[in-house]
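Peer 1: take a look and give me a structure for this.
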Amino acid sequence: MVKQTGQKPIAQNRKARHDYHIDDVVEAGLVLTGTEVKSLRLGRASLVDAFASVRGNELWLQNLHIPEYTHGTWTNHEPRRTRKLLLHKDEMQKLIKAVEQQGVSLIPLSLYFKDGYVKVELATGRGKKDYDKRHALAERQANREAQRALSDRRKG
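Peer 2: Residues are numbered from 1 along each chain as shown. Next up is the predicted model:
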């Protein structure tokens, strides 16, 4: 069997960058069962409500939705079960310290295969207020209009 190389995206949480100020990003592994991996290979997952939490000295990913494998039997998994995150000890301690600060959350940004293993991109972030979101949208729109005006000027 040939070993896979490179990255293959499965799911992304696009809303996370809109709802949070992202500070630090870390790559973590996941503890999965066989039917979960088969379902992920079909590209079926949702990070919409997912978040990471601390229990003891471990990090756990909650509310990650991986639908049941269609050809699975009694060995199928629960779609929204809690899954353990795999990190180096120093990375884990750094994230645990960050979460202990008030207002900091662990948000999964993307889920992907890397060299045949399932990885999750985990970020620490602070929630944005409504006025921050409006300000970011207005700034993006102003930049877009400025770029459009420059390109129109170049064209003549």
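Peer 1: which SS class is residue 141?
Peer 2: helix (DSSP: H, G, I helix; E, B strand; the rest coil).
Peer 1: from residue 148, how far off is it?
Peer 2: For residue 141, the distance to residue 148 (Cβ to Cβ, to the nearest Å) stands at 10 Å. Backbone N, C-alpha and C define where each C-beta goes, glycine included.
Peer 1: what's the answer for residue 33, then?
Peer 2: Following Cβ to Cβ, the distance that separates residue 33 from residue 148 is 50 Å.
Peer 1: between these two, who's got more neighbours?
Peer 2: Neighbours of residue 33 and residue 148, each counted by other Cβ atoms under 10 Å, are more numerous for residue 33; the result is 17 against 10.
Peer 1: now that one: closest residue in space, sequence neighbours ignored.
Peer 2: residue 77 (5.1 Å; Cβ to Cβ, 6 or more residues apart in numbering).
Peer 1: what about the one you found, neighbour count?
Peer 2: Residue 77: 20 neighbours (other Cβ under 10 Å).
Peer 1: then residue 14?
Peer 2: Other residues near residue 14 come to 11 when the count uses other Cβ under 10 Å.
Peer 1: for it, what are its contacts?
Peer 2: With Cβ atoms under 8 Å, 6 or more residues apart in numbering as the criterion, no residue contacts residue 14.
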